[in-house]
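Engineer: With the sequence up front, the predicted model follows.
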2 protein chains.
Amino acid sequence: MIRTATNFGQIDAPDHGAGEQTVLIGLSAAILSVQEERPRVLVVRHNDEADALPFGNFDPLSHRTLESGLRNWVQEQTSVQLGYVEQLYTFGDRGRHLARPGEGPRVVSVGYLALTRTPLERAGVLWRDWYMFFPWEDWREGAPAMIASQVLPSLRHFADAAPNPDSRAIRNDRIRLCFGGGTSGWDEEKVLERYELLYEAGLVVEAQRDRGAVPPGAPIGPLGLSMSFDHRRILATAMGRLRGKIKYRPVVFELMAGEFTLLELQRTVEALSGVRLHKQNFRRLVEAQGLVERTGRMSHKTGGRPAEQFRFRREVLRERPAPGVRYGFGRAIRPQT
Amino acid sequence: MIRTATNFGQIDAPDHGAGEQTVLIGLSAAILSVQEERPRVLVVRHNDEADALPFGNFDPLSHRTLESGLRNWVQEQTSVQLGYVEQLYTFGDRGRHLARPGEGPRVVSVGYLALTRTPLERAGVLWRDWYMFFPWEDWREGAPAMIASQVLPSLRHFADAAPNPDSRAIRNDRIRLCFGGGTSGWDEEKVLERYELLYEAGLVVEAQRDRGAVPPGAPIGPLGLSMSFDHRRILATAMGRLRGKIKYRPVVFELMAGEFTLLELQRTVEALSGVRLHKQNFRRLVEAQGLVERTGRMSHKTGGRPAEQFRFRREVLRERPAPGVRYGFGRAIRPQT
DNA sequence: ATAGGATATGCTCAATCGGAGCATAATGTG
DNA sequence: CACATTATGCTCCGATTGAGCATATCCTAT
């Protein structure tokens, strides 16, 4: 007997392998960029529909790898040539990949993060400030007021509505862990956890859409702009991953021009992480790590003393195992000096 | 016109969405455990075939999420109830999910990491020391001799065979980054990078199998025991992820009994990470972080002075944002005192 | 019972790192 | 030419980390 890949491994299991119903593999990319201290995500617009990330289905005939399939789709839809690309997560939950309630086949959705400097504009394609989708994630000017005024009250209501005291305690713990308060501060990397909490609490438009409670075409909830399918979830994953990765891989430089001042670099990191950093320490850290080198040229666009321009030192990749902009170590946030 | 999930998002792209050829979604789990200072992985055995991870195909009809599908399969094949489960990565490369050369349909493979303490044994199922598959990853007794005697010579040969000087320099950089030497030391988290390098260099049996160069049933290469499909790659991903995660999430405790001595905990971390740690500092770190609490009971199995037994402090999950066994910070390895 | 072996556990010391802020330098502007 | 503004250098301190010494408490052999 020749076993095929389909049944090998099924030792004494009943045969319900697959194939009874087609599964589509959706590829979506959160393509990120930073312009003028604002982090942007590339979305495709479609009439009155909510924004969506560029996406398409994986085609086993023409795509050699998932990533090459993704690159094809993005290229076709947006004309963007992707540089840095990283796989994020594969979502397969029933009923969370819907454009509108109860519609469409089962889709397993593979999310990607991509970084680019190209600020291209093209019909049907748009760069959006990602904090439009996640207004509670931007702490650069201090804690967003809407957290205290909207998010927390709604979440407390959600906790109070728990079926029993145990579940209620768990919900309260999650709320505290996600949004801080008490001993724990703000962890800027927990973007996905926060979004999922809001989804489960039903505070986000997609949650109602997936339950069939809301007609399509009403993408603007009180808690930020929503997206089609599970795309806001993918974007949340991308943001969290990027915020983490910055610290131990030199990925920020994928978003910078060839030359930049240290303050420009800092502003970019701040835009991504959503927190303010201490200028002198940032500079000390970045220089000490050998991440950059001086070009000798000066920038006079500063308004004060001209700033020296730097470029990324590619050699660090070969020198140190985990080079990244370690902007302090995940403690509380501090105001800028 | 009602757009479906299949064509929405295809703005002006030719219609090659999907469905022309079936894609199977394979779910595989690297189920890890530690017994007697040895890290183990659960494999399913099948006659003369190479070892495989427990796996099965995702069934969109009966599985609500990918993870629930995985749990079903594992339950059926191994009777293990999984505790901690984490998705690793989704692989879709053409030709890397083969049991033997050139066989079977296209499979997109979703790999999972799972942790368990249950040391179950059952027919057709076996716990293996994971260093059998990755002999170069165990640095607890110092650098494995086979790196200098086998791995590096073969890799240098691979670098020398590069088509041009540029490619050769890149290969040499990769070798140095993966296996250390020069300024860079050993980074225990780069398990996947090392495996992929060996795969690309053709030094690992799977590489030859995927090229159709080797008949099935020859799973033992000079560089460790091989596995079916892309399962060794998934295991590599699991090891690397776990080695990283230990440091900022209290996942080790998923592998410990309810009570343990600090040395037992240390030995477990060492088994997973493959490096030796400084005993007094390990103790200081773990206690200072509030990860454990004393039970008051003593263990007399030590051979010397009895050791106090500890248990995991669950409250730490609610207190600190990223609790983990931060066993020093990814610098060089140090011998034990 | 006692010495010696073995492990547990407490503590010190120096080096480094990270957070905060003072001080000075070099521009443009009214 | 004073001043606003940004850049950049440097200090100081407390916390963390790496390394190892010292002591405590058990078991075993004699």
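Structural biologist: Done, it's in. Residues are numbered from 1 along each chain as shown, chains lettered A, B, ... in the order given.

Engineer: so which strand or helix has A:Arg297?
Structural biologist: Element membership for A:Arg297 (DSSP states H and E) is strand A:292-299.

Engineer: Low-confidence stretches in the stretch 101-250 of chain A?
Structural biologist: Regions of the stretch 101-250 of chain A meeting the criterion pLDDT under 70 cover residues A:101-104, A:118-119, A:181-184, A:213-221.

Engineer: Please repeat the previous calculation with a cut-off of 50.
Structural biologist: Scanning the stretch 101-250 of chain A for pLDDT under 50 picks out no residues.

Engineer: all strands in it, in order from the N-terminus.
Structural biologist: For the stretch 101-250 of chain A, the strands defined by DSSP state E, counting those that start in this stretch occupy A:106-115, A:125-129.

Engineer: Looking at the ones you listed, which is nearest to B:Glu270?
Structural biologist: strand A:106-115 (33.2 Å; Cβ to Cβ). All C-beta spots, glycine's among them, are computed from the backbone N, C-alpha and C.

Engineer: that older thread, just checking: what are the partner strands of the strand holding A:Arg297?
Structural biologist: strand A:307-312 (antiparallel) (DSSP bridges).

Engineer: On the three-state scheme, whichever residue of the stretch 201-337 of chain A sits closest to DNA strand D is what?
Structural biologist: Closest approach between the stretch 201-337 of chain A and DNA strand D, counting by Cβ to the nearest atom of the strand: A:Gly304, at 2.1 Å. Classification of A:Gly304 by DSSP: H, G, I helix; E, B strand; the rest coil places it in coil.

Engineer: what about it, how many residues close to it?
Structural biologist: A:Gly304 is flanked by 6 other residues according to other Cβ atoms under 10 Å in any protein chain shown.

Engineer: ditto for A:Asn47
Structural biologist: For A:Asn47, the count of nearby residues is 7 (other Cβ under 10 Å).

Engineer: Could you identify which of the strands of the stretch 101-250 of chain A is most buried?
Structural biologist: Neighbour counts (mean count of other Cβ atoms under 10 Å in any protein chain shown) averaged over each of the strands of the stretch 101-250 of chain A peak at strand A:106-115, with a mean of 24.

Engineer: So which bits of chain A are right by DNA strand D?
Structural biologist: Residues of chain A found near DNA strand D (Cβ under 7 Å from any atom of the strand) are A:261-263, A:279-280, A:283-284, A:302-308.

Engineer: now these: which count as buried?
Structural biologist: For those, a burial check counting by 16 or more other Cβ atoms under 10 Å in any protein chain shown picks out A:261-262, A:283, A:307.

Engineer: In terms of distance to chain B, which of those ranks first?
Structural biologist: Closest approach between these and chain B, by Cβ to the nearest Cβ: A:Arg283, at 22.0 Å.

Engineer: what's the helix or strand where that closest one lies packed up against?
Structural biologist: Take DSSP H and E as the rule and A:Arg283 turns out to sit in helix A:279-288. Packing contacts for helix A:279-288, counted by 3 or more Cβ pairs under 8 Å, 6 or more residues apart in numbering or on different chains; DSSP states H and E, involve helix A:262-273.

Engineer: hang on, the earlier thing: now the angle from the strand holding A:Arg297 to helix A:279-288?
Structural biologist: 120 degrees (axes from the mean of the first three to the mean of the last three Cα atoms, to 10 degrees).

Engineer: how about strand A:292-299: buried residues?
Structural biologist: Neighbour-count burial for strand A:292-299, counted by 16+ other Cβ under 10 Å, picks out A:Val292.

Engineer: Serialize the strands of the stretch 101-250 of chain A to a markdown table and add fields for distance to A:Leu152.
Structural biologist: Formatted as a markdown table, these follow (distance: least, Cβ to Cβ, whole Å):
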| stretch | distance to A:Leu152 |
| --- | --- |
| strand A:106-115 | 28 |
| strand A:125-129 | 23 |
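
Engineer: The ones you listed: which one's closest to A:Arg314?
Structural biologist: strand A:106-115 (16.0 Å).

Engineer: in its sheet, what does the closest one sit against?
Structural biologist: When DSSP bridges is applied, strand A:106-115 pairs with strand A:23-35 (parallel), strand A:84-91 (antiparallel).

Engineer: In the longest one, which residues are buried?
Structural biologist: Just to be clear, that refers to strand A:23-35. Buried residues in strand A:23-35 (16+ other Cβ under 10 Å): A:23-34.

Engineer: same thing with the last one?
Structural biologist: Within strand A:84-91, the residues that qualify as buried by neighbour count (16+ other Cβ under 10 Å) are A:85-91.

Engineer: Please export the C-alpha coordinates of it as PDB.
Structural biologist: Provided in PDB are the C-alpha atoms of strand A:84-91 (Å, rounded to 0.1, in the frame of the first residue of the first chain):
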ATOM      1  CA  TYR A  84      10.900  43.600   3.700                       C
ATOM      2  CA  VAL A  85       8.100  41.000   4.100                       C
ATOM      3  CA  GLU A  86       7.300  38.900   7.200                       C
ATOM      4  CA  GLN A  87       4.600  36.400   7.800                       C
ATOM      5  CA  LEU A  88       2.400  37.200  10.800                       C
ATOM      6  CA  TYR A  89      -0.200  34.700  11.500                       C
ATOM      7  CA  THR A  90      -2.700  32.400  10.000                       C
ATOM      8  CA  PHE A  91      -6.300  32.900  11.000                       C
END
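
Engineer: neighbours of A:Val44, just the number please.
Structural biologist: A:Val44 has 22 nearby residues by other Cβ under 10 Å.

Engineer: Ok, A:Glu67 next?
Structural biologist: By other Cβ under 10 Å, 20 other residues sit near A:Glu67.

Engineer: just checking, it touches A:Gln87?
Structural biologist: Yes: at 7.1 Å, A:Glu67 counts as touching A:Gln87 under the criterion of Cβ atoms under 8 Å.

Engineer: Now list whatever residues contact both of the two.
Structural biologist: Taking Cβ atoms under 8 Å, 6 or more residues apart in numbering or on different chains as the criterion, A:Glu67 and A:Gln87 both touch A:Tyr112.

Engineer: Leaving out chain neighbours, which residue sits closest to A:Ala236?
Structural biologist: A:Tyr195 (4.0 Å; Cβ to Cβ, 6 or more residues apart in numbering or on different chains).

Engineer: Spit out the contact partners of the one you found.
Structural biologist: By Cβ under 8 Å, 6+ apart, the residues touching A:Tyr195 are A:134, A:204, A:232-233, A:236.
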